[in-house]
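J.: Sequence first, predicted model second:
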Amino acid sequence: MARPILSRIALMTALAGLCALAHPAWAALDIGDPVPRFTANAALGGKTFRYSLAEALAKGPVVLYFFPAADSNDCSIEAHAFAEAVDQFAALGATVIGVSADDIDTLSKFSVKSCQNRFPVASDEAKTVINGFDALMQTRPDFANRLSYVISPDGKVAYYYQNLNPDKHVERTLSAVRALPKATAAK
């Protein structure tokens, strides 16, 4: 009798392990963790410049979102949604930056078309920023995953949200910025 019980326990343990592998913790950076500071080539309104996370954080919270590929349908939807919400983020003292592995020429066009000249997008072809924020898509490692962070001015993760569906990223990050302590949100 003890043998079937042990077999069931072993089977349940193995299944629990497989489930854990099927649903790994997505964001390596947890709430309260310091974020990697970075500079990257970025585009805003079709013009390129050097973006510095440290400089942006000196002005207030930053919403940093990763997206798989400029001009794909879902990435365009998400960029458009962030563009529409930029004034709401700005009213709370926050800025928005998108990051993908696309080249800067592609992102320069995307910054006009989908981002509507409202916020910058940064190129990370080497994927150093993407890897630093654990935003690499596991199933397609040439692309960033759709992952959004709210970073407080002290350089720590205040919130993160991952979902390939672009529909809730703006809503959730805007709520997270609103929930920041007032002194943090309006630095």
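T.: Structure's in. What do you need?
J.: quick one: secondary structure of Leu64?
T.: Assigned state for Leu64: strand (three-state reduction, DSSP: H, G, I helix; E, B strand; the rest coil).
J.: who's the residue lying closest to it once chain neighbours are set aside bridged to?
T.: Spatial nearest neighbour of Leu64, chain neighbours left out: Tyr149 (4.7 Å); criterion: C-beta to C-beta, 6 or more residues apart in numbering. For every residue, glycine as well, the C-beta is placed using N, CA and C. Counting by DSSP bridges, Tyr149 forms beta bridges with Leu64, Tyr160.
J.: Renumber starting at 122 from here on
T.: New numbering, starting at 122: the last item is Tyr270.
J.: Was I right to think Tyr270 contacts Pro157?
T.: No - counting by C-beta atoms under 8 Å, Tyr270 does not reach Pro157; the two are 11.0 Å apart.
J.: which residues do the two both contact?
T.: Taking C-beta atoms under 8 Å, 6 or more residues apart in numbering as the criterion, Tyr270 and Pro157 both touch Phe254.
J.: So for these two, which residue has more residues nearby?
T.: Tyr270 (23 against 13; other C-beta atoms under 10 Å).
J.: Would you quantify the distance from that one to Val220?
T.: Computed as C-beta to C-beta, to the nearest Å, the Tyr270 to Val220 distance reads 10 Å.
J.: Mutual contacts of the two, please.
T.: When contacts are counted by C-beta under 8 Å, 6+ apart, Tyr270 and Val220 are jointly contacted by Leu185, Tyr186.
J.: neighbours around Gly214, how many?
T.: 17.
J.: host element of it?
T.: For Gly214, there is no enclosing helix or strand under DSSP states H and E.
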